[in-house]
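*Asks:* take a look and give me a structure for this.
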Amino acid sequence: NPVKRKLAADQTVLMMSLRQLRTPDAAMIVRECGFDGFYVDCEHGMFSAAEVSSLCASALLCGLMPAVRVRSAAAADVAHALDAGALGIIAPHIGSVEEARAVVRAAKYPPLGERSIAALGPSARYRSLPIAEIVRLQNDMTMVIAMLETEAGIAAAGTIAGVPGVDALMIGPTDLSAELGIAGEVRHPRIQDAYFHALAGARAHGKHFVAGGAGGPAVAQLVSRGARILMGASDVSYFMTAARQAAAGLRAQDQRSMPTLDDAPPA
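*Replies:* The predicted model follows:
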């Protein structure tokens, strides 16, 4: 797992999310843009199982870490994403230690968890290895990121981070803001405090924290406190930002839209 390797060396990793890109060349595009990996957003994106598998396989061939934000933290959704080739699971709406432990049980093979063993698969490059080696490699490669989106989840951040098998914490600021009664105010001081509290809880247990995304404190503040996973925006966001700028630039070149002397109001 290239992301786990960089994190072990205290290097910063850059991630982004996919909501619309579905073809295998998406991985080449993401790599060329300078990211270390991406997550396929199955919680809010309309991806088929075949599309998830294709994106994960192409990421592996490009040297990126493919992750999946699963539709739910249910064991079937977690196992399905990992069998498709994901090296990371982003589990949404984790609000307690029990829920975090359930995700780990679904994501890890025995003795760490209860995932059913898939001996041949894309994450192991379809190599014919002894089952014991497959179990060891898969358990070592797979990242589990617990996404905190409720007040209860933030309050329990430290204990969630302490669950063996949880690698990192991540905040969903939009859902959190809605629960706190400040919907959409993702830069609100209460959201900022939630980030700092969760980051401190993660670092206290030697775990990682995901900085960036749609809200929270400035990324530099979180990096200074130990965050090493920096999350960019989605493919939709990047496309629309660039397209708006391009459209505005082209519109400015349309001389017919420029005022002329004939358009000037009478003196």
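*Asks:* in this structure, where is pLDDT below threshold?
*Replies:* 257-267 (pLDDT under 70).
*Asks:* give me the nearest residue to the spatially most central residue of the chain, chain neighbours excluded.
*Replies:* Per CA atoms, centre = their mean, the C-alpha nearest to the average position across the chain is that of residue 39, at 4.9 Å. Leaving aside its chain neighbours, residue 39 sits nearest to residue 67 (3.9 Å; criterion: CB to CB, 6 or more residues apart in numbering). Every C-beta, even on glycine, is put in place using the N, C-alpha and C of the backbone.
*Asks:* so the one you found: helix, strand or coil?
*Replies:* strand (DSSP: H, G, I helix; E, B strand; the rest coil).
*Asks:* what residues are up against it?
*Replies:* Counting by CB atoms under 8 Å, 6 or more residues apart in numbering, residue 67 makes contact with 15, 37, 38, 39, 40, 86, 87, 88, 89, 90, 143, 145.
*Asks:* number of residues surrounding the first one?
*Replies:* Neighbours of residue 15 under the rule other CB atoms under 10 Å: 25.
*Asks:* try residue 177
*Replies:* Residue 177 has 22 nearby residues by other CB under 10 Å.
*Asks:* pretty sure it is in contact with residue 189, am I right?
*Replies:* No: using CB atoms under 8 Å as the test, residue 177 is too far from residue 189 to be in contact (11.6 Å).
*Asks:* how near is the nearest residue to residue 182 once chain neighbours are set aside to residue 222?
*Replies:* Using CB to CB, 6+ apart and skipping residues adjacent in sequence, the residue nearest residue 182 is residue 188, 4.9 Å away. Distance, residue 188 to residue 222, using CB to CB, to the nearest Å: 16 Å.
*Asks:* is it true that residue 99 touches residue 74?
*Replies:* No: the pair residue 99 / residue 74 is not scored as a contact, 10.7 Å apart, by CB under 8 Å.
*Asks:* of the two, give the one with the bigger neighbour count.
*Replies:* More crowded of residue 99 and residue 74, by other CB under 10 Å: residue 99, with 18 against 14.
*Asks:* gap between that one and residue 75?
*Replies:* Residue 99 sits 12 Å away from residue 75, going by CB to CB.
*Asks:* over to residue 39?
*Replies:* For residue 39, the distance to residue 75 - CB to CB - is 19 Å.
*Asks:* do residue 241 as well
*Replies:* Applying CB to CB to residue 241 and residue 75 gives a distance of 37 Å.
*Asks:* and the closest residue to residue 186 other than its chain neighbours, how many neighbours?
*Replies:* Distances taken as CB to CB, 6+ apart place residue 215 nearest to residue 186, at 2.6 Å, with adjacent residues excluded. Residue 215 is flanked by 20 other residues according to other CB under 10 Å.
*Asks:* swap in residue 214?
*Replies:* Using other CB under 10 Å, residue 214 has 16 other residues around it.
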